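**Q** show me how the following folds:
(one chain, ligands or ions: 1)
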Amino acid sequence: MASNDLHSRHGSVMPKWLGLYYVDPIELVSGSGCWVTDQNGIRYLDFFGGILTTMTGYGVEEVVDAIRDQAGKMIHSSTLYLIEPMVALAEKLSELSGIEDAKVFFTTSGTEANDAALLFATSWRRSNQVLAVRNSYHGRSFSALSVTANPGYGATSLSPFQVFYILGGSRLRGPLAGLSDADYIDRGVSDLRDLLDTAASPNIAALIAEPIQGVGGFSMPPDGYFGAVKEVLDERGILFIADEVQTGWGRTGENFWGYQAHGIVPDMITFAKGLGNGLAMAGVIGRGEVIDCINASSISTFGGSPLVSRGALANLDYLLSHDLQENALKLGRHITNRLLTETQSNPVVADVRGKGLMIGVELCERQGVVPAPQRANAALEEAKKLGLLVGKGGIAGNVLRIAPPLSLSKEEADLGTDRLVAALEAAAAV
Ligand SMILES: Cc1ncc(COP(=O)(O)O)c(C=O)c1O
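**A** Below is the predicted model of the structure:
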């Protein structure tokens with residue numbers, strides 16, 4: 001089927017706000033390792049992994065076999081019945097989380113995971129006041145949008161919470177622009193203290209924060225920022241929710257969880273994306289007493305189903321047994337170093353940043369910090385022409401997001417970087 005036919009059918013029945021990449025959108029019909037093939041048989045090296053979700057790669061035999069085997073036995077039973085793979089997965093996640101005696105609640109998306117964590121925190125603290133970080137993204141539901149500081153996704157200003165936004169986000173512009181790491185931390189923490197002393201009630205429930213902001217364009221505070229923030233939160237009993245939907249599972253290379261760069265242990269972690277390698281697997285890992293505090297019964301029809309739990313267990317085993325975190329560290333450094341060197345004379349590349357295989361390339365007008373979203377679009381289109389898929393983010397849509405599967409090889413890292421550097425040169429010429 002011609003892609004433009006599917007494009008027009010999509011437009012007729014899908015919501016208008018469900019954005020598609022590319023002037024001529026593509027359908028990805030098959031994949032193997034880090035490669036995907038579109039409806040016309042064109043192959044692309046995938047540096048975005050379905051929004052950081054295809055973590056171990058496409059068609060990984062061990063994962064596919066586990067899913068196939070479980071699908072033949074039992075796809076669904078619901079949380080009204082015991083589910084051995086769900087319990088086994090929760091045991092592993094509890095151990096990996098770094099949170100003492102952690103419990104796990106499974107959901108079907110990152111949005112729903114954050115919604116659940118916010119429900120637990122606000123119930124535990126008996127407060128509907130919440131802190132979030134500027135430039136954040138936590139999902140598309142009513143509650144997740146209310147802690148999302150990104151006007152492009154701000155579908156409503158109504159909120160179940162009273163939300164206060166702490167400083168964080170871009171280091172190219174705004175109140176933290178150009179500051180040294182130490183000054184950034186001082187300024188952010190003193191602003192937080194002032195906010196708590198003047199604007200909020202004494203009983204804030206929680207801060208929700210992404211260790212590296214995903215949709216926000218892979219913006220990240222200096223290491224230790226959230227450690228300094230948490231000292232203030234701890235003085236007042238405020239919980240810390242680490243949204244690890246993008247940063248978990250070793251993607252940042254240095255650590256298994258993004259929060260570990262800040263020397264803290266959060267009260268709750270929310271996860272999604274990579275664990276299921278594309279299966280609808282997400283949830284909250286948190287202090288048992290906090291998760292248990294809900295004063296009513298609950299169920300989840302789909303969360304942690306036998307099928308997704310078996311697939312996630314196989315995927316997690318593959319990740320750990322192949323030490324893909326180490327691969328992310330090594331190849332992430334390699335790609336970042338190459339990009340830093342090879343885009344040095346490109347006047348529209350304003351910043352190359354990130355950790356591990358989570359690399360942001362910010363495009364601005366020549367030698368400045370005025371966002372250049374059209375150039376980012378041009379780079380995205382040119383990369384596609386060259387056989388490379390990358391993502392986009394940032395408040396202005398001017399940051400390219402590089403996040404391949406963690407199973408990437410050195411040859412693929414080099415090939416993708418070659419293509420990306422060429423696409424960025426084309427963007428400078430627009
Ligand atoms: C940090 C973060 N939290 C939450 C979400 C929402 O996850 P989902 O799209 O699975 O609902 C996203 C999605 O991109 C995300 O990046």
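**Q** ramachandran angles for the residue of the stretch 51-200 of the chain found nearest the ligand?
**A** Going by C-beta to the nearest ligand atom, the ligand is nearest to residue 110 of the stretch 51-200 of the chain, at 2.4 Å. C-beta here means a position set from N, CA and C on the backbone, and glycine is covered the same way. The phi/psi pair for residue 110 (degrees, to the nearest 10) reads phi -60, psi -40.
**Q** residue 44 too?
**A** Residue torsions, per degrees, to the nearest 10, at residue 44 are phi -130, psi 140.
**Q** neighbours around residue 101, how many?
**A** 8 (other C-beta atoms under 10 Å).
**Q** quick one: residues contacting it.
**A** Contact partners of residue 101, counting by C-beta atoms under 8 Å, 6 or more residues apart in numbering, are 94, 287, 288.
**Q** which ones among the residues you listed are found in helices?
**A** Counted as lying in helices by DSSP state H, out of the contacts of residue 101, are 94, 288.
**Q** so which bits of the stretch 201-350 of the chain are right by the ligand?
**A** Contacts of the stretch 201-350 of the chain with the ligand, taken as C-beta under 6 Å from any ligand atom, map to 210, 214, 215, 243, 245, 246, 272, 282.
**Q** the stretch 251-400 of the chain: strands as residue ranges?
**A** Using DSSP state E, counting those that start in this stretch, the strands of the stretch 251-400 of the chain run over residues 268-271, 282-287, 349-355, 358-363, 388-389, 391-393, 399-402.
**Q** count the residues that sit near the closest residue to residue 224 other than its chain neighbours.
**A** Sequence neighbours aside, residue 262 is the residue nearest to residue 224 in space, at 5.8 Å (criterion: C-beta to C-beta, 6 or more residues apart in numbering). Neighbours of residue 262 under the rule other C-beta under 10 Å: 24.
**Q** secondary structure class of residue 408, three-state.
**A** Judged by DSSP: H, G, I helix; E, B strand; the rest coil, the three-state class of residue 408 is coil.
**Q** pretty sure it contacts residue 356?
**A** No: taking contacts as C-beta atoms under 8 Å, residue 408 lies outside contact range of residue 356: 10.9 Å.
**Q** poorly predicted segments of this protein, please.
**A** Scanning the chain for pLDDT under 70 picks out 1-4.
**Q** skip the chain neighbours and tell me the closest residue to the spatially most central residue of it.
**A** The residue lying closest to the centre of the chain (C-alpha atoms, centre = their mean) is residue 246, at 2.2 Å. The shortest distance from residue 246 to any non-neighbouring residue, by C-beta to C-beta, 6+ apart, is to residue 214 (3.7 Å).
**Q** roughly how far does the one you found sit from residue 138?
**A** Between residue 214 and residue 138 the distance is 10 Å, computed by C-beta to C-beta, to the nearest Å.
**Q** hey, where'd the helices end up in the stretch 1-150 of the chain?
**A** Assigned by DSSP state H, counting those that start in this stretch, the stretch 1-150 of the chain shows helices spanning 3-13, 49-52, 61-73, 84-97, 110-125, 142-146.
**Q** hmm, the last one touching the ligand?
**A** Think helix 142-146. No: Helix 142-146 lies out of reach of the ligand by C-beta under 6 Å from any ligand atom, never closer than 6.6 Å.
**Q** I figured residue 236 hits residue 196, correct?
**A** Yes: counting by C-beta under 8 Å, residue 236 does reach residue 196; the two are 6.7 Å apart.
**Q** neighbour count: the two, which is higher?
**A** Legend: neighbour count by other C-beta under 10 Å for residue 236 and residue 196, higher for residue 196 (20 against 11).
**Q** where's that one, which helix or strand?
**A** Assigned by DSSP states H and E, residue 196 falls within helix 181-198.
**Q** which parts of that helix are buried?
**A** Under the neighbour-count criterion of 16 or more other C-beta atoms under 10 Å, helix 181-198 has 184, 185, 188, 189, 192, 195, 196 buried.
**Q** tell me the most buried of the strands of the stretch 251-400 of the chain?
**A** Burial of those is given as mean neighbour count (mean count of other C-beta atoms under 10 Å); strand 268-271 ranks first at a mean of 30.
**Q** in terms of secondary structure, what does that one contact?
**A** helix 110-125, strand 239-243, strand 282-287 (3 or more C-beta pairs under 8 Å, 6 or more residues apart in numbering; DSSP states H and E).
**Q** so which of these is the most packed in?
**A** Sort the helices and strands packed on strand 268-271 by mean neighbour count, taking mean count of other C-beta under 10 Å, and strand 239-243 sits at the top with a mean of 29.
**Q** residues contacting it, please?
**A** Contact partners of strand 239-243, identified using C-beta under 8 Å, 6+ apart, comprise 110, 114, 117-118, 121, 124-125, 136, 138, 205-211, 226, 230, 233, 257-259, 264, 266-270, 290.
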